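K.L.:
Fold the following.
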Amino acid sequence: MPTTSRCVETRCAKIGGSPTPNSPGCSAKRSGTSGSWGSGAQVDGKRVNRRAGLGSCAAALEAAAAMSNQTRRASTRRKRPKAQLGLPDLDHSKAAVLDSLRSPESKRGYRHAIDEFIQWYCSEPRLSFNKVVVTRYRTSLENRGLAAGTINGRLAAVRRLAYEAADAGLLSPELAAGVRRVRGVKRLGVRLGNWLTAAEARRFRQAPDPAALKGKRDRAILAVLFGCGLRRRELADLDFRHLQQREGHWAIVDLVGKGGHIRTVPLPDWVKATVDRWVCTAELSGGKLFRCVCRAGKCWG
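P.N.:
Predicted structure coming up:
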């Protein structure tokens, strides 16, 4: 077996550090005519026993394999996700959830919902952060008499918390999937609601004093809210660049709304006239459309 013995000696030399018969400085002599090496080899003027070298190489191979298995087991134990989250893990997942949101209103709502869940979760010992625990939390919300929309909003924040915890390796993916399968509360029927009539809305938007600068600003704000249906954040972020004329009609163009959605809203003529009276009185020409008015009746900001 000349080839086998040479391969074994070469591998042993790579692991144990001993020179092979083909390496420089090795003057081993062949014994016999079969091309195999004898029981000993001449290495740098010293005779080395081949069997002893093979034994040390085998021991080195076993030690290396045992060390590799031990390192693999330690790595597996270190990377195994948790089933029960502590307060630091929950705070880390909460920060990840808030960083993924863009709207300040959404951040405020999710922060309140997650803080309330963490307070309930840490109030008594839990087995794990799983579907059963989140279902019990939903039951506690229902017992408080909260509306269906409020409960579903709180559960959405908890599902997002579990998703971020699993994405960071803090929670098992199976448990996170179970949490996301918790169903919300069904909305039975349609709420009647409460809205203003046309006459009531007209009296409401004409309530501010038209002679004062602050009253003209408030009238312009109410006109935009009633006539264009903008949200509060959209109204606060309204800029002169948004007011453009397209095809003979004024409109609020490229308005970035909730969730980053971009839309264009038509601007009625009576709304544009009310806004122009505010702009002319405040002597504005650029920047934010609505500014602060101090007690002295001066516009700033």
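
K.L.:
For Gln244, see how far away Val275 is.
P.N.:
Here the distance between Val275 and Gln244 works out to 13 Å (CB to CB, to the nearest Å). C-beta here means a position set from N, CA and C on the backbone, and glycine is covered the same way.

K.L.:
just Leu161 next, same as before
P.N.:
Counting by CB to CB, the separation of Leu161 from Gln244 is 41 Å.

K.L.:
With neighbour numbers in mind, choose between these two.
P.N.:
Neighbour count, other CB atoms under 10 Å: between Leu161 and Gln244, Leu161 has more, with 27 against 14.

K.L.:
For stretch 129-136, the averaged confidence score.
P.N.:
Confidence over stretch 129-136, taken as the mean pLDDT, stands at 91.

K.L.:
Tell me where the stretch 51-200 of the chain is predicted with low confidence.
P.N.:
When residues are selected by pLDDT under 70, those of the stretch 51-200 of the chain lie in 51-58, 69-84, 126-127.

K.L.:
Let me see the ranges of the helices in it.
P.N.:
For the stretch 51-200 of the chain, helices defined by DSSP state H, counting those that start in this stretch occupy the ranges 87-99, 104-121, 131-143, 148-167, 173-180, 198-205.

K.L.:
Minimum distance to Gly286: which of these has it?
P.N.:
Shortest distance between Gly286 and the helices of the stretch 51-200 of the chain, using CB to CB, is found for helix 104-121: 24.1 Å.

K.L.:
Just give me how far that closest one sits from the chain centre.
P.N.:
15 Å (CA atoms, centre = their mean, to the nearest Å).

K.L.:
quick one, that helix and helix 131-143 angle?
P.N.:
Here helix 104-121 points in a direction 110 degrees away from that of helix 131-143 (axes from the mean of the first three to the mean of the last three CA atoms, to 10 degrees).

K.L.:
Give the other helices and strands that helix 104-121 contacts.
P.N.:
helix 87-99, helix 131-143, helix 148-167 (3 or more CB pairs under 8 Å, 6 or more residues apart in numbering; DSSP states H and E).

K.L.:
Deepest-packed of the ones you listed, please.
P.N.:
With neighbours taken as mean count of other CB atoms under 10 Å, the helices and strands packed on helix 104-121 reach their highest mean count in helix 148-167, at a mean of 19.

K.L.:
Hey, what's the angle from it to helix 173-180? Just curious.
P.N.:
Direction vectors for helix 148-167 and helix 173-180, defined by the same axes, to 10 degrees, enclose an angle of 170 degrees.

K.L.:
hmm, who's touching helix 148-167?
P.N.:
Residues outside helix 148-167 that contact it (CB atoms under 8 Å, 6 or more residues apart in numbering) are 81, 85, 89-90, 92-94, 96-97, 100, 109-110, 113-114, 116-117, 129, 134, 137-138, 141-142, 146, 171-173, 175-176, 179-180, 182, 184-187.

K.L.:
Distance from the chain centre to it, please.
P.N.:
On the basis of CA atoms, centre = their mean, helix 148-167 is displaced by 12 Å from the centre of the chain it belongs to.

K.L.:
same deal with stretch 184-200?
P.N.:
Between the centre of stretch 184-200 and the centre of its chain there are 34 Å (CA atoms, centre = their mean).

K.L.:
May I see the buried residues of that stretch?
P.N.:
Neighbour-count burial for stretch 184-200, counted by 16 or more other CB atoms under 10 Å, picks out Val185.

K.L.:
Distance of the closest residue to Arg180 other than its chain neighbours relative to Gly178?
P.N.:
Closest residue to Arg180 apart from its sequence neighbours, by CB to CB, 6 or more residues apart in numbering: Arg159 at 5.0 Å. Here the criterion is CB to CB. By it, Arg159 lies 11 Å from Gly178.

K.L.:
for Ala201, same thing?
P.N.:
Taking CB to CB as the measure, Ala201 and Gly178 are separated by 48 Å.

K.L.:
Same check on Ala166?
P.N.:
According to CB to CB, Ala166 and Gly178 sit 11 Å apart.

K.L.:
what do you get for Glu116?
P.N.:
Counting by CB to CB, the gap between Glu116 and Gly178 amounts to 21 Å.

K.L.:
ok, those two, which is more surrounded?
P.N.:
Under the neighbour definition other CB under 10 Å, Glu116 and Gly178 were set side by side, and Gly178 has more, 19 against 15.

K.L.:
May I have the lengthiest strand in the chain exported as PDB, CA atoms only?
P.N.:
The residue-count maximum for a strand in the chain (DSSP state E) belongs to strand 249-256. Provided in PDB are the C-alpha atoms of strand 249-256 (Å, rounded to 0.1, in the frame of the first residue of the first chain):
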ATOM      1  CA  HIS A 249     -57.500  74.700 -10.100                       C
ATOM      2  CA  TRP A 250     -55.600  75.100  -6.800                       C
ATOM      3  CA  ALA A 251     -54.500  71.900  -5.100                       C
ATOM      4  CA  ILE A 252     -52.200  70.600  -2.300                       C
ATOM      5  CA  VAL A 253     -49.600  68.700  -4.300                       C
ATOM      6  CA  ASP A 254     -47.300  65.900  -3.200                       C
ATOM      7  CA  LEU A 255     -48.600  65.800   0.400                       C
ATOM      8  CA  VAL A 256     -46.800  63.100   2.500                       C
END
